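# take this sequence and fold it.
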Amino acid sequence: MKNILVSGGAGFIGSHLCTRLINEGHHVICLDNLFTGAEANIEHLKSNSFFEFVHHDVEFPYHTETLDEIYNLACPASPIHYQYDAIKTIKTSVLGAINMLGLAKKTNAKILQASTSEIYGDPVVHPQVEDYWGNVNPIGIRSCYDEGKRCSETLFMDYHRQNNIRIKIIRIFNTYGPRMLPNDGRVVSNFVVQALQDHDITIYGTGDQTRSFQYIDDLIEGMVRMMNTEDEFIGPVNLGNPNEFSILELAEKVIQLTGSKSKLVFKPLPHDDPKQRQPDITLAKEKLNWKPTIELEDGLKRIVEYFKEYRNIDYIDKRENNIV
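Have a look, this model is predicted:
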């Protein structure tokens with residue numbers, strides 16, 4: 001049994017990770033301020049004596065005496081949520097990284113940073129490889145997230161070099177699955193919710209821009225494998241599905257799977273929205289013996305069923321850039 005802390009543990013990705021770690025027999029401390037996370041995501045874990053939920057904001061230090069591993073996931077990750085309070089977003093990334101790294105130093109824990117494909121910005125290298133430095137606008141509306149995550153990676157590397165902290169860095173590409181928020185502005189949840197309500201499906205730009213969609217179970221497997229690699233291997237490592245789809249193709253798949261009467265409507269592309277996104281996962285295959293196993297159609301079927309059962313689907317507020 002390991003003592004493991006997961007910051008952002010009540011969020012979409014964090015709650016799946018906590019479940020995996022509990023199922024493996026570990027003691028898990030789940031830190032979350034519930035800004036985008038929800039206690040409902042971890043309700044099934046609360047009766048487990050090995051699970052502990054702590055309502056805490058990683059902008060502030062957290063103290064515990066014994067830890068083996070830390071997964072640092074805390075940060076709003078969808079444009080609607082991270083742009084809602086841009087200053088808090090970058091504080092969460094930067095101060096959160098400092099506080100979690102400080103805790104790792106104190107407890108001699110190994111620590112994994114959940115970074116993002118957004119550090120590549122609007123890439124001029126395609127597909128994206130880990131040694132590509134990115135093409136990021138440092139003063140744009142997305143930079144609170146993009147640059148916050150880039151700074152987090154810098155902090156992790158400097159704590160490693162200066163204080164010998166055992167670190168791991170992963171870069172997460174578009175991920176979807178159960179427990180996504182229906183109003184978070186991410187393309188998969190947007191399309192599925194709109195289709196199930198027979199509302200128009202909103203496509204920004206022409207729909208020719210591409211993304212690569214990874215199912216949550218594949219991501220969690222990659223995260224755990226990365227944490228379990230030898231200390232000498234720190235990354236960064238891309239975790240994503242290398243199969244590339246246009247946004248228009250995604251919309252058509254969702255309409256087909258839901259049997260929706262939705263029509264496609266087109267709106268202007270948001271500022272700094274990347275035109276292409278596709279991971280090169282050669283390094284993950286080599287070092288983690290990892291690759292995605294759940295392809296888009298199978299994963300979409302699962303999330304369609306999830307949102308069909310979502311209790312408040314009739315009350316989802318469709319106003320853009322609004323948190324409900």
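# now the helices for the stretch 151-300 of the chain?
Taking DSSP state H, counting those that start in this stretch, the helices of the stretch 151-300 of the chain run over residues 187-196, 216-227, 247-258, 282-288, 296-308.
# which other helices and strands contact the third one?
Packing partners of helix 247-258 (3 or more C-beta pairs under 8 Å, 6 or more residues apart in numbering; DSSP states H and E): helix 187-196, strand 201-204, strand 210-212, helix 296-308. Backbone N, C-alpha and C define where each C-beta goes, glycine included.
# nearest to residue 59, of these?
Nearest of these to residue 59, taken as C-beta to C-beta: helix 187-196 at 26.6 Å.
# for stretch 74-83, which positions count as buried?
Neighbour-count burial for stretch 74-83 flags 74, 75, 76, 77, 78, 79, 80, 81, 82, 83 (criterion: 16 or more other C-beta atoms under 10 Å).
# looking at the helices and strands packed on helix 247-258, which is buried most?
Burial of the helices and strands packed on helix 247-258 is given as mean neighbour count (mean count of other C-beta atoms under 10 Å); helix 187-196 ranks first at a mean of 23.
# quick check: angle from it to helix 296-308?
60 degrees (axes from the mean of the first three to the mean of the last three C-alpha atoms, to 10 degrees).
# residues contacting helix 187-196, please?
Residues outside helix 187-196 that contact it (C-beta atoms under 8 Å, 6 or more residues apart in numbering): 174, 176, 180-183, 200-202, 211, 213, 247, 250-251, 254-255, 258, 260, 262, 300, 303-304, 307-308, 313, 316, 318.
# that older thread, wait, which of the helices and strands packed on helix 247-258 is closest to residue 16?
helix 296-308 (12.3 Å).
# show me what that closest one is packed up against.
Short answer (3+ C-beta pairs under 8 Å, 6+ apart): helix 296-308 packs on helix 187-196, strand 214-215, helix 247-258.
# what angle separates the first one from helix 247-258?
Following the same axes, to 10 degrees, one obtains 40 degrees for the angle between helix 187-196 and helix 247-258.
# off-centre distance for helix 187-196?
Computed by C-alpha atoms, centre = their mean, to the nearest Å, the chain-centroid distance of helix 187-196 equals 18 Å.
# now it: average pLDDT?
The average pLDDT within helix 187-196 is 93.
# just stretch 260-268 next, same as before
Stretch 260-268 shows an average pLDDT of 92 in the prediction.
# before we move on, the earlier item: so can I have CSV of the helices of the stretch 151-300 of the chain showing distance to residue 12?
Below are the helices of the stretch 151-300 of the chain laid out as CSV (distance: least, C-beta to C-beta, whole Å):
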stretch, distance to residue 12
helix 187-196, 9
helix 216-227, 7
helix 247-258, 18
helix 282-288, 21
helix 296-308, 11
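# what's the closest of those to residue 53?
Residue 53 lies closest, by C-beta to C-beta, to one member of the helices of the stretch 151-300 of the chain: helix 216-227, at 18.8 Å.
# could you list every helix and strand that the closest one packs against?
Using 3+ C-beta pairs under 8 Å, 6+ apart: helix 216-227 touches helix 12-23, strand 69-72, strand 110-116, strand 167-172, strand 175-176, strand 237-239, helix 282-288.
# angle of it against helix 12-23?
70 degrees.
# so how far is stretch 138-154 off the chain centroid?
15 Å.
# again with stretch 75-87
12 Å.
# equivalent analysis for stretch 185-197, please.
17 Å.
# one more: stretch 216-223?
With C-alpha atoms, centre = their mean, you get 11 Å for stretch 216-223.
# can I get that stretch as CSV, trimmed to CA atoms?
Coordinates of each C-alpha in stretch 216-223 appear next as CSV, following Å, rounded to 0.1, in the frame of the first residue of the first chain:
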residue,chain,number,x,y,z
ILE,A,216,-10.4,8.5,-20.0
ASP,A,217,-9.5,4.8,-19.2
ASP,A,218,-6.5,5.0,-21.6
LEU,A,219,-5.2,8.2,-20.0
ILE,A,220,-5.4,6.8,-16.5
GLU,A,221,-3.5,3.7,-17.5
GLY,A,222,-0.8,5.9,-19.0
MET,A,223,-0.6,8.1,-15.9
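# low-scoring pLDDT stretches of this structure, where are they?
272, 311-324 (pLDDT under 70).
# switch the cut-off to 90
Scanning the chain with the threshold set as pLDDT under 90 gives 76-84, 181-186, 202, 204-206, 208-210, 267-277, 309-324.
# the helices of the stretch 151-300 of the chain: which one's closest to residue 45?
The nearest among the helices of the stretch 151-300 of the chain, by C-beta to C-beta, is helix 216-227 at 14.5 Å.
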